[in-house]
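Q: Pasting the sequence and the predicted coordinates here, then a few questions.
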Amino acid sequence: MTKRIEEVLELYQQAVLDKDVDLMLSLYCDDVLMYDVAGQWSLSGKKDLTDMVTAWFQEIGPDRVEVSYSNLEIQSSKTCAFAYFDTTFSYEF
């Protein structure tokens, strides 16, 4: 499971770098429930997520955003896994 979490984190980085809405949405289940400290406080479901991601990528415009992770710690068993990490979003104008 550790490898799968690392793959998901890499796909997230790629989705942001390419501003690929479809790839980003593929990383979440249909009944996603998300809380965030920036922008919209919470969202529920793929429709809300689609709206948020689309608006975010449009806001980035022609600029590039690179995502990096630090302090990554993954705990896993045969049926469940958790990842803890710090995320940095670096804008290139």
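A: Perfect, I can see it now.

Q: Would you state the strands of the chain in chain order?
A: 33-35, 42-44, 64-76, 81-92 (DSSP state E).

Q: Make TSV from those strands and add distance to residue 51 and mean neighbour count to it.
A: Where you see a C-beta, it was placed from the backbone N, CA and C, and this is true even at glycine. Output for those, formatted as TSV (distance: least, C-beta to C-beta, whole Å; neighbours: other C-beta atoms under 10 Å):
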stretch	distance to residue 51	mean neighbour count
strand 33-35	12	11
strand 42-44	8	13
strand 64-76	19	12
strand 81-92	19	11
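
Q: can I get the ones you listed in TSV with mean pLDDT?
A: TSV is the format used below for the strands of the chain (pLDDT from 0 to 100):
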stretch	mean pLDDT
strand 33-35	93
strand 42-44	93
strand 64-76	96
strand 81-92	94
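
Q: contacting residues around the residue most central in space within the chain?
A: Nearest to the mean C-alpha position of the chain, by C-alpha atoms, centre = their mean, lies residue 12 at 4.8 Å. Going by C-beta atoms under 8 Å, 6 or more residues apart in numbering, residue 12 touches 24, 27, 67.
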